[in-house]
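Undergrad: sequence unknown, structure follows:
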């Protein structure tokens with residue numbers, strides 16, 4: 001049985017089951033970290049999330065107004081991990097340190113994504129600011145897939 005969060009902790013923690021669900025594609029059979037030891041996986045993933053924490057410090061600390069530490073943010077960060085690791089492979093000499101990930105995560109700072117609207121002729125430009133006001137409204141499965149796809153396109157644009 002999981003402990004019940006205190007009222008002031010509500011919305012500040014991601015359940016282990018949710019985190020594992022999003023990490024499993026990377027650490028499970030065929031994942032980009034599958035061949036690493038558990039200790040190495042922990043070290044790499046810790047460096048990755050720490051990089052987000054440092055690059056987007058205010059957004060990380062303020063889970064009331066930003067999604068990074070919420071389920072939606074974890075899903076996005078995990079959903080782009082493979083591409084971030086590939087960038088470290090190419091540009092950081094296969095180093096998966098916090099500094100290496102930080103260099104790659106930094107390229108998202110100040111960027112925007114183009115989200116196609118229903119009519120497919122128009123799109124919505126969304127700054128990657130992780131705000132609840134914007135990203136919180138795009139939390140259904142289709143929007144989340146579109147967000148990840150657009151961020152991956154940014155990451156792959158100069159590879």
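TA: Perfect, I can see it now. Keep in mind that this is a model prediction, so the values were computed, not measured.

Undergrad: which residue ranges form the helices in this protein?
TA: 16-27, 38-55, 57-61, 71-79, 81-91, 98-105, 132-135, 141-156 (DSSP state H).

Undergrad: these: which one's closest to residue 120?
TA: helix 141-156 (12.1 Å; CB to CB). Glycine gets a C-beta too; all of them are placed from N, C-alpha and C.

Undergrad: as a whole number, average confidence for the closest one?
TA: The pLDDT scores in helix 141-156 average 94.

Undergrad: residue 156 contacts residue 83, correct?
TA: Yes. Between residue 156 and residue 83 there is a contact under CB atoms under 8 Å: 6.5 Å.

Undergrad: ok, those two, which is more surrounded?
TA: More crowded of residue 156 and residue 83, by other CB atoms under 10 Å: residue 83, with 19 against 11.

Undergrad: residue contacts, that one?
TA: The neighbours of residue 83, taking CB atoms under 8 Å, 6 or more residues apart in numbering as the test, are 152, 155-156.

Undergrad: pLDDT score for residue 80?
TA: On the pLDDT scale, residue 80 is placed at 98.

Undergrad: can you tell me the closest non-neighbouring residue to it?
TA: Closest residue to residue 80 apart from its sequence neighbours, by CB to CB, 6 or more residues apart in numbering: residue 151 at 5.2 Å.

Undergrad: distance of that neighbour from residue 41?
TA: With distances taken as CB to CB, to the nearest Å, residue 151 is found 22 Å from residue 41.

Undergrad: closest one of the contacts of residue 83 to residue 91?
TA: Closest approach between the contacts of residue 83 and residue 91, by CB to CB: residue 155, at 10.9 Å.
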